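J.: return a 3D structure for these sequence lines:
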Amino acid sequence: AIEEMSFSAKDLFELHVENITMNSASNESNGLSSMTVETKADTIRFREAQKLTQLKTLSFDMQAYNLDMQQLETLETIDPENKQAIRQVFQGLISHGIRFEIPNLSVKEMEMEKQKLDGFQFKSMLDIDKSLDLASLEQNPMAAIGAINADIDLILSSQLFGLLAQHPQAVMVMMLIQPQDDNGKKVYKVELKDGKLSVNGRPMM
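T.: Numbers count the residues shown, from 1 in each chain. Okay, the predicted model is just below:
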C-alpha cells in the first residue's frame, strides 16, 4: 500500500497516484503456477504537455493459470534476437494450456480533454489450448483461431462513448461494430469460441 507517489520527466510528462494498494498471491503444483493480483487506486493523474487525464476509483484484478515457471526462467536468459529459441520457449509455455482472466478493470469517474465523464467496466478471459502450434501460426495466423477461446465484456458510459466517437480511428470501429444500449450505457460483448467470432451475438467471421 502506498499513500502517494509521483513521477515526472521535466516538461514531458507527470504521473501522480494517490492511495494505491496491491494484493497478490500465487501457488505452484507440478511445476505450474497460478497467480492472482488485485490493484486499487483512488486517483491517477497523467499530464502530457498540457493534456491532463485523471482517473478516479480504479480497480484492476488479474488471474493467470498454468504458468510454466521453468520456461519463464529460461526466457530471461535467451538472446532477444534469437527468434527460434524464443518461439521454442513460448511453445513450451503453452504446452499445458494457459488461461488469463481480467475479472475486473474499471474506472468510476474520468477527466479527459477537460471533460468530466463517468467511466467504464471491462472484463475478459483468454484461454489458449495446448494444441496451438506456433510454427504453423507464423505461416497461417488463422490457424490460432481454433485453439483460442476468448470473452470480452466492455461497458462504456454514454459520455465516454461520445468523446471517443469524436476520434476518427474510433469512428471506423463504431461504424463496423454497433454497441448495445443498456440503461444509457454502451455495451460490447465479444466472444471467440470454436473458431467463430461474434460481437453482441452478431457473427463476425
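J.: for the rest of this, base every contact and every neighbour count on C-alpha atoms.
T.: Will do.
J.: how about low-confidence regions in the chain?
T.: Under the criterion of pLDDT under 70, the regions of the chain flagged as low confidence span 205.
J.: need the strands for it, in chain order.
T.: All strands of the chain, identified by DSSP state E, fall at 2-9, 13-29, 32-48, 51-68, 98-112, 115-128, 148-157, 180-182, 185-193, 196-199, 202-203.
J.: adding distance to L163 and mean neighbour count, write those strands out as TSV.
T.: Rendered in TSV, the data for the strands of the chain read as follows (distance: least, CA to CA, whole Å; neighbours: other CA atoms under 10 Å):
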stretch	distance to L163	mean neighbour count
strand 2-9	27	11
strand 13-29	23	14
strand 32-48	18	17
strand 51-68	13	19
strand 98-112	9	19
strand 115-128	9	18
strand 148-157	10	19
strand 180-182	16	13
strand 185-193	13	20
strand 196-199	22	16
strand 202-203	25	12
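J.: export those as CSV, with columns for distance to D79.
T.: Listed next are the strands of the chain as CSV, based on distance: least, CA to CA, whole Å:
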stretch, distance to D79
strand 2-9, 30
strand 13-29, 27
strand 32-48, 24
strand 51-68, 19
strand 98-112, 24
strand 115-128, 25
strand 148-157, 28
strand 180-182, 46
strand 185-193, 34
strand 196-199, 36
strand 202-203, 42
